[in-house]
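In: Sequence plus the predicted model coming up.
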Amino acid sequence: MSLLIFITFKSSISVVPDPPTQNLINRICKQTIDFKFCNQTITSQLVRRQTSIKTIAKLTAAKAWINAIQTLDNIEDSLLPKAKDKRDKAEFDACRKAYKLVDAHLDNALKYLYLRDYRFMRAYQALALVNISMCRTSFFHPTPMVYANWNMKMLTDIAIYAGKILSPPPPLTKKSKSP
């Protein structure tokens, strides 16, 4: 059963986050490789100046999932049918298979986020990252998937970091030696 969520994004009105919200955004974005992209991604989705980490986690998880769907649609509807080079076709087919899994994992992650089962949310987000890496791209043979993969990894990382602030994973325990 797929969880269907409708989110309205206000693109015409730019919301400037209040200081506590900006501090949350900074905590998330400092963990990424592109602070500016992360900050713009989160702030562009805000509908109120004061936003909780729970809302930010939901917005970023939804953004990652929607991007996975759009990427898969682009692969299936445009890139694969128009590919003429054998290497491109093979790459796009591998990416299609990978992004079907990414879509399913991020759908499940979002579902578990709404169910407040953060352990499963984190597990599905981690699986999505693994599957993004299955879509192999090369800067020496550039295709549109090079940027799409980078973008997808960034959006998934942002959602993961927001989720970790919302509900930190339990600390690792040391195994005690038994006599």
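Out: That came through fine. This is a predicted model, so every value here is computed, not measured.
In: For S14, identify the helix or strand it belongs to.
Out: In this structure, S14 is located outside every helix and strand according to DSSP states H and E.
In: Please list all residues in contact with it.
Out: By C-beta atoms under 8 Å, 6 or more residues apart in numbering, the contact set of S14 is T43, S44. The way it works is simple: take the backbone N, C-alpha and C, and place the C-beta from them, glycine included.
In: okay, which residue is most central for the chain?
Out: The chain has T156 as the residue nearest its centroid, 2.2 Å off, counting by C-alpha atoms, centre = their mean.
In: Report the separation between that one and A128.
Out: Using C-beta to C-beta, to the nearest Å, one obtains 5 Å as the distance from T156 to A128.
In: shared neighbours, those two?
Out: Counting by C-beta under 8 Å, 6+ apart, the residues touching both T156 and A128 are A64, L106.
In: And the pLDDT for S138?
Out: We have a pLDDT of 68 for S138.
In: okay, how far is it across stretch 137-146, tip to tip?
Out: End-to-end distance of stretch 137-146 (C-alpha to C-alpha, to the nearest Å): 6 Å.
In: re earlier: remind me which helix or strand the residue nearest to the centre of the chain belongs to.
Out: Element membership of T156 [criterion: DSSP H and E] is helix 144-166.
In: What is that helix packed up against?
Out: On a contact count with 3 or more C-beta pairs under 8 Å, 6 or more residues apart in numbering; DSSP states H and E, helix 144-166 meets helix 19-29, helix 35-43, helix 53-74, helix 86-114, helix 118-134.
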